[in-house]
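**Q** give me a 3D structure for the following:
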Amino acid sequence: MVHGLLCALLFSVFGVIYGGNSSQTDKRTQVNLLKSLIYDNTKATVTLDSSALKQLIRLSSAASDSASSKQHVSFSVNLDYKPLTLGAGQTVKYDAVLINDGKGYDDRTGVFTCPVAGTYMFVADSLSYPGIWLLLKVNQKTVGFIHISSALKGNPLIQISRTVIVKLKSGDHVKVENLRNNAYVHDDLYSGFTGVLLY
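**A** Model (predicted):
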């Protein structure tokens with residue numbers, strides 16, 4: 001039983017130390033603590049240094065606490081029951097909030113304000129008519145276009161989408177903005193904006 005407990009503990013500590021979490025890399029040197037846990041093959045016994053075990057438990061607990069305390073940031077919004085006809089430079093204000101972990105998205109302005117620095121993925125999609133140009137913007141910089149060519153005949157509604165991955169600082173603003181007048185964005189859950197903190 002002690003052997004099984006030790007294996008489980010060692011597995012969790014090695015998983016934390018070598019699992020790719022950059023904040024834990026300095027703890028690699030503490031692997032030397034494992035040297036005080038000696039498995040004697042000839043006697044099939046485990047000799048245990050209790051101070052080393054206590055240190056391993058502290059390392060494991062600290063890593064678990066830091067992993068679980070990482071803030072989760074994500075939002076997913078769409079247009080619910082009212083289509084939009086947008087003017088040039090107008091921000092798309094999505095009125096139906098499905099999720100807003102981290103409280104970064106403001107449905108009054110249509111702007112996501114980054115609460116935690118990191119690498120984010122954003123997806124903007126729209127059911128629209130030809131001629132629309134939507135911009136995915138970080139602060140004032142355009143990082144993605146969503147467009148349906150006006151050369152398309154028959155004026156059909158078309159579903160379009162764009163995904164980007166960007167690094168953000170706390171306080172950065174991300175939004176979907178219309179480029180030209182009279183852009184139509186269909187409602188009824190067909191058009192939306194989503195973002196998530198990846199790491």
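
**Q** pretty sure His173 is in contact with Gly110, am I right?
**A** No: assessed by Cβ atoms under 8 Å, His173 is found out of contact with Gly110, at 10.3 Å. The way it works is simple: take the backbone N, C-alpha and C, and place the C-beta from them, glycine included.

**Q** what residues of stretch 176-193 count as buried?
**A** For stretch 176-193, the buried set under the neighbour-count rule, 16 or more other Cβ atoms under 10 Å, comprises 176-179, 183-187, 190-193.

**Q** how much space separates the nearest residue to Leu168 once chain neighbours are set aside from Tyr105?
**A** Nearest non-adjacent residue to Leu168, counting by Cβ to Cβ, 6 or more residues apart in numbering: Cys114, 4.3 Å away. Distance of Cys114 to Tyr105, computed by Cβ to Cβ, to the nearest Å: 11 Å.

**Q** so what's in contact with the two at the same time?
**A** Residues touching both Cys114 and Tyr105 by Cβ atoms under 8 Å, 6 or more residues apart in numbering: none at all.

**Q** more neighbours: which of these two?
**A** Tyr105 (25 against 21; other Cβ atoms under 10 Å).

**Q** got the contact list for that one?
**A** Neighbour list for Tyr105: 75, 77, 97, 111-112, 193, 195 [criterion: Cβ under 8 Å, 6+ apart].

**Q** now, of those residues, which are buried?
**A** Buried subset of the contacts of Tyr105 (neighbour count, 16+ other Cβ under 10 Å): 75, 77, 111-112, 193, 195.

**Q** would a markdown table of the residues you listed with distance to Phe122 and pLDDT be doable?
**A** Formatted as a markdown table, the buried ones among the contacts of Tyr105 follow (distance: Cβ to Cβ, whole Å; pLDDT from 0 to 100):
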| residue | distance to Phe122 | pLDDT |
| --- | --- | --- |
| Phe75 | 10 | 97 |
| Val77 | 12 | 97 |
| Val111 | 12 | 98 |
| Phe112 | 8 | 98 |
| Phe193 | 7 | 97 |
| Gly195 | 5 | 97 |
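
**Q** picking that back up, take the buried residues of stretch 176-193 and keep only those in strands.
**A** Using DSSP state E, the subset of the buried residues of stretch 176-193 located in strands is 176-178, 183-185, 192-193.

**Q** hang on, the earlier thing: in JSON lines, list the contacts of Tyr105 along with secondary structure and distance to Ser161.
**A** Below are these laid out as JSON lines (DSSP: H, G, I helix; E, B strand; the rest coil; distance: Cβ to Cβ, whole Å):
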{"residue": "Phe75", "secondary structure": "strand", "distance to Ser161": "17"}
{"residue": "Val77", "secondary structure": "strand", "distance to Ser161": "15"}
{"residue": "Val97", "secondary structure": "strand", "distance to Ser161": "20"}
{"residue": "Val111", "secondary structure": "strand", "distance to Ser161": "20"}
{"residue": "Phe112", "secondary structure": "strand", "distance to Ser161": "17"}
{"residue": "Phe193", "secondary structure": "strand", "distance to Ser161": "11"}
{"residue": "Gly195", "secondary structure": "strand", "distance to Ser161": "14"}
